[in-house]
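> Need a 3D model of the following:
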Amino acid sequence: MNIEQLMSPETVQNFIIPWGTNLVFAIVIFMVGRWLARGVTGLIKRLLKRSDVDEILIDFIGSIANAALLLVVIVASLDRLGVDTTSLIALLGAAGLAVGLALQNSLSNFAAGVMLIMFRPFKAGDFVEAGGTTGVVEKISIFSTTMRTGDNREVIVPNGGIYGSNIINYSARETRRIDLVFGVGYDDDLRKARDIMLGVIEADERILKDPAPVIAVSELGASSVDFVVRPWVNSADYWAVRWDLLEKIKVAFDDNGISIPFPQRDVHHYYPQEGAPQPGVAV
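Okay, the predicted model is just below:
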């Protein structure tokens, strides 16, 4: 086709003008659609912020919504140009299915991350036991949670492993109860032992008065009378008070002659009489 045929009235009227018109409309659809996509994405982010949703989740949902809306706008623009979008949509669907199957574990972690961020069973700074790890939560992201253990190791735990198992949040409550067991000898004065433990507890200002601490005989063991000692403290003081009580009560018992028995076993060895057959020796 030469230039004269290309610029002929029939070609201009039947091809160039319709195609140019469709191109202009496609560009308009794309520009307006992109503007609308930004507006809808911004609206979604504002609504999520009013709902007090985590900033990480807001940004991620906003990105997903913007990408989905732009995809719709691109398909609409191509359809206006006369492109067969049915095949394109089918191709995108098949590609999405293949990607979903390939990233099954990642999508599971993503879904668990969304649930963790939305329902907040813990937050950054909490001391938790989750996903087989115990430590302080440093960061919660879409796919994993970063924790710091007591010996200052950084552990990155997949969110699927956290949300699919029990979560123990030691920082969720302001107060915690310390559970200790002390055994005293059967020959010791139980009332005296109880008064000694109560005196140690009352001398520690970190131990709360309400709820009142409990000191009671829990079991008559094989070699000791066991007391349960259960004071309440602020969660931040738990370990320090626990360690101090173990040491101070032991020292107080020693100073007042209260024994803490330990399991003992008597072994009796019998020597065979002279001339008697030895075990395992044929006669």
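
> which regions of the stretch 101-250 of the chain lie under the pLDDT threshold?
101-106 (pLDDT under 70).

> what are the ranges of the strands in it?
127-130, 133-140, 144-148, 154-158, 168-169, 175-177, 180-184, 214-220, 225-230, 232-234 (DSSP state E, counting those that start in this stretch).

> Of these, which is nearest residue 108?
Comparing the strands of the stretch 101-250 of the chain by their distance to residue 108 (Cβ to Cβ), the top pick is strand 154-158, with 8.5 Å. In this view, the C-beta of every residue, glycine as well, is placed from N, C-alpha and C.

> In the closest one, which residues are buried?
155, 157-158 (16 or more other Cβ atoms under 10 Å).

> got the residues you listed as JSON lines, with distance to residue 194 columns?
JSON lines is the format used below for the buried residues of strand 154-158 (distance: Cβ to Cβ, whole Å):
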{"residue": "155", "distance to residue 194": "42"}
{"residue": "157", "distance to residue 194": "44"}
{"residue": "158", "distance to residue 194": "49"}
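
> before we move on, back to that, so which of the strands of the stretch 101-250 of the chain gets nearest residue 61?
strand 133-140 (15.2 Å).

> can you pull the buried residues of the closest one?
133, 135-137, 140.

> and which of the buried residues of strand 154-158 is nearest to residue 71?
residue 158 (28.5 Å).

> Show the contacting residues for the closest residue to that closest one other than its chain neighbours.
Excluding the flanking residues, the one nearest residue 158 by Cβ to Cβ, 6 or more residues apart in numbering is residue 109, at 4.9 Å. By Cβ atoms under 8 Å, 6 or more residues apart in numbering, the residues touching residue 109 are 142-144, 158-160.

> No further queries at this time; thank you.
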